[in-house]
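1. prediction below, plus the sequence it came from.
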Amino acid sequence: MTDLVSVVLPVFNGSIFLREAIESVIAQTYKPLELIVVDDGSTDDTAIVAKSYGERLAYHHQENRGVAAALNRGIRASHGKYIAWLSHDDVFLPHKLERQIEYLHEHPEYRAIYSDFYIIDADGEIIREIETPWYPRESAIWKLFGSMYINGSSTLIERTCFDEVGFFNERLRYSQDVDMWIRMGLAFDFGRIPEKLLKWRSHPDQGSREVGEHGAEKWETYRRIFIELMDKGLFPEQIRTANRGPIQANAYTWLGDEMVEHRQWYGFAVEQYARSFSLWPSLHNPAAGKLIVNWMRGTYWMTRRRLGRIYRGIFRSAQHQRVATEPQEHQGTNPDSRNSLR
């Protein structure tokens with residue numbers, strides 16, 4: 001008997017792209033599948049678009065609670081052995097699910113997989129191709145700190161995985177994915193299909209581009225996960241040595257290094273270097289120099305961004321003033337204009 005796949009599609013005010021996403025699920029070469037659309041309190045035409053497909057999908061509406069809550073509702077309502085996630089602005093390629101099911105059957109050591117993908121713009125034009133890396137479980141957990149290389153819409157996950165690690169953390173509105181992938185990485189390996197099976201859309205209206213809130217939540221998520229991993233003893237040297245200060249200090253230095261190299265989070269890195277130095281207050285601790293250097297780098301980029309915002313504000317203000325005064329100046333100085341008023 002062929003296994004049922006459940007596609008959970010969370011959406012918030014995504015009517016512009018929703019139809020294309022739904023059509024990409026309906027066009028899948030793999031059957032059987034069910035499509036569950038979870039409307040997270042949309043105020044646009046999302047409901048109209050979704051309901052126009054009738055019984056070809058299951059439509060659920062809830063108050064706005066975020067992507068994690070919408071995903072969880074869809075997973076709980078699903079009946080499939082496997083769960084796929086599709087964001088409302090992304091697009092499955094037609095053979096996406098078929099190839100992933102084949103891969104899981106060929107590689108029973110994996111219960112969750114992801115794939116390579118294309119990046120498309122708001123008009124659907126391909127602007128970049130992404131070949132994702134693969135790491136064994138022992139390395140994958142740490143690599144996820146530096147790079148979110150698992151795209152949620154590219155995944156296919158056996159339902160039992162959620163039974164083991166739990167559902168998405170609904171307190172997180174922007175970083176629910178990294179939290180889930182690290183929790184899963186602690187329990188089992190992810191597989192990777194080296195094929196592009198998804199079109200991931202990059203556009204100005206994405207919720208993940210709310211940089212202020214997004215950044216603050218990401219910082220807090222990584223802090224919490226890092227401390228939890230420390231408590232689980234994933235730095236084995238902590239247990240084998242009586243001098244735990246330098247070992248723990250080096251762990252915080254590693255975290256700062258990862259965030260500087262891969263994310264350019266200078267403020268976050270300075271925080272980790274300071275924590276490292278407090279645990280091992282010695283000039284032999286490389287965090288001492290890194291703290292100073294990255295504080296200076298962070299200050300430079302913060303000042304540059306602020307000056308950029310000030311400059312853009314002055315430029316826009318000057319433009320508005322010029323547009324507001326041009327008609328009056330034109331009317332008072334152009335002879336043709338005066339003649340036309342006679």
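-> Arrived safely. Residues are numbered from 1 along each chain as shown.
2. quick one: least confident helix or strand in this structure?
-> helix 335-340 (a mean of 41; mean pLDDT, DSSP states H and E).
3. got the CA positions of stretch 33-48 in CSV?
-> The C-alpha coordinates for stretch 33-48 follow below in CSV (Å, rounded to 0.1, in the frame of the first residue of the first chain):
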residue,chain,number,x,y,z
LEU,A,33,-1.6,13.0,-0.7
GLU,A,34,-3.7,15.4,1.3
LEU,A,35,-3.3,19.2,1.4
ILE,A,36,-4.1,21.0,4.6
VAL,A,37,-4.2,24.9,4.4
VAL,A,38,-4.1,26.6,7.8
ASP,A,39,-5.1,30.3,7.6
ASP,A,40,-3.4,32.1,10.5
GLY,A,41,-5.9,34.9,10.8
SER,A,42,-5.6,36.4,7.4
THR,A,43,-7.4,39.7,6.5
ASP,A,44,-7.0,39.5,2.8
ASP,A,45,-8.5,37.1,0.2
THR,A,46,-6.7,34.0,1.5
ALA,A,47,-10.0,32.3,2.6
ILE,A,48,-11.6,33.0,-0.8
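4. what separates it from the chain centre, distance-wise?
-> In this view, stretch 33-48 has its centroid 20 Å away from the chain centroid, taken as C-alpha atoms, centre = their mean, to the nearest Å.
5. same deal with stretch 90-100?
-> Once both centres are worked out by C-alpha atoms, centre = their mean, stretch 90-100 turns out to sit 20 Å from its chain's centre.
6. now do stretch 167-186
-> Its chain's average C-alpha position is 10 Å from that of stretch 167-186, according to C-alpha atoms, centre = their mean.
7. can you give me the end-to-end distance of that stretch?
-> The straight-line separation of the ends of stretch 167-186 (C-alpha to C-alpha, to the nearest Å) is 15 Å.
8. now that stretch: buried residues?
-> 167-170, 172-185 (16 or more other C-beta atoms under 10 Å). C-beta coordinates here come from the backbone N, C-alpha and C atoms, glycine included.
9. quick one: the strands in this protein?
-> 5-11, 33-40, 58-62, 82-85, 91-92, 112-120, 126-130, 156-158, 190-201 (DSSP state E).
10. redo the ones you listed as CSV? Include mean pLDDT.
-> Compiled in CSV, the strands of the chain are given as follows (pLDDT from 0 to 100):
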stretch, mean pLDDT
strand 5-11, 98
strand 33-40, 98
strand 58-62, 98
strand 82-85, 98
strand 91-92, 98
strand 112-120, 98
strand 126-130, 96
strand 156-158, 98
strand 190-201, 97
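11. of the ones you listed, which approaches Ser139 most closely?
-> strand 190-201 (11.4 Å; C-beta to C-beta).
12. buried ones in that closest one?
-> 190-193, 195-201.
13. would you turn the residues you listed into a markdown table with distance to Ile119?
-> A markdown table is the format used below for the buried residues of strand 190-201 (distance: C-beta to C-beta, whole Å):
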| residue | distance to Ile119 |
| --- | --- |
| Phe190 | 21 |
| Gly191 | 22 |
| Arg192 | 18 |
| Ile193 | 17 |
| Glu195 | 16 |
| Lys196 | 10 |
| Leu197 | 14 |
| Leu198 | 10 |
| Lys199 | 8 |
| Trp200 | 5 |
| Arg201 | 8 |
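14. among the residues you listed, which one lies nearest to Arg128?
-> Trp200 (9.4 Å).
15. let me see the contact set for that closest one.
-> By C-beta atoms under 8 Å, 6 or more residues apart in numbering, Trp200 lies in contact with 87, 90, 117-120, 130, 151, 153-154.
16. farthest-apart pair in those residues, please.
-> Pairwise distances across those (C-beta to C-beta) peak at 15.2 Å, for the pair Ser87 and Ile130.
17. and the two? Which one has more around it.
-> Using other C-beta atoms under 10 Å as the criterion, Ser87 and Ile130 rank with Ser87 on top: 23 against 15.
18. how close does the residue lying closest to that one once chain neighbours are set aside get to Gly308?
-> Sequence neighbours aside, Ser153 is the residue nearest to Ser87 in space, at 5.1 Å (criterion: C-beta to C-beta, 6 or more residues apart in numbering). Distance from Ser153 to Gly308, counting by C-beta to C-beta, to the nearest Å: 32 Å.
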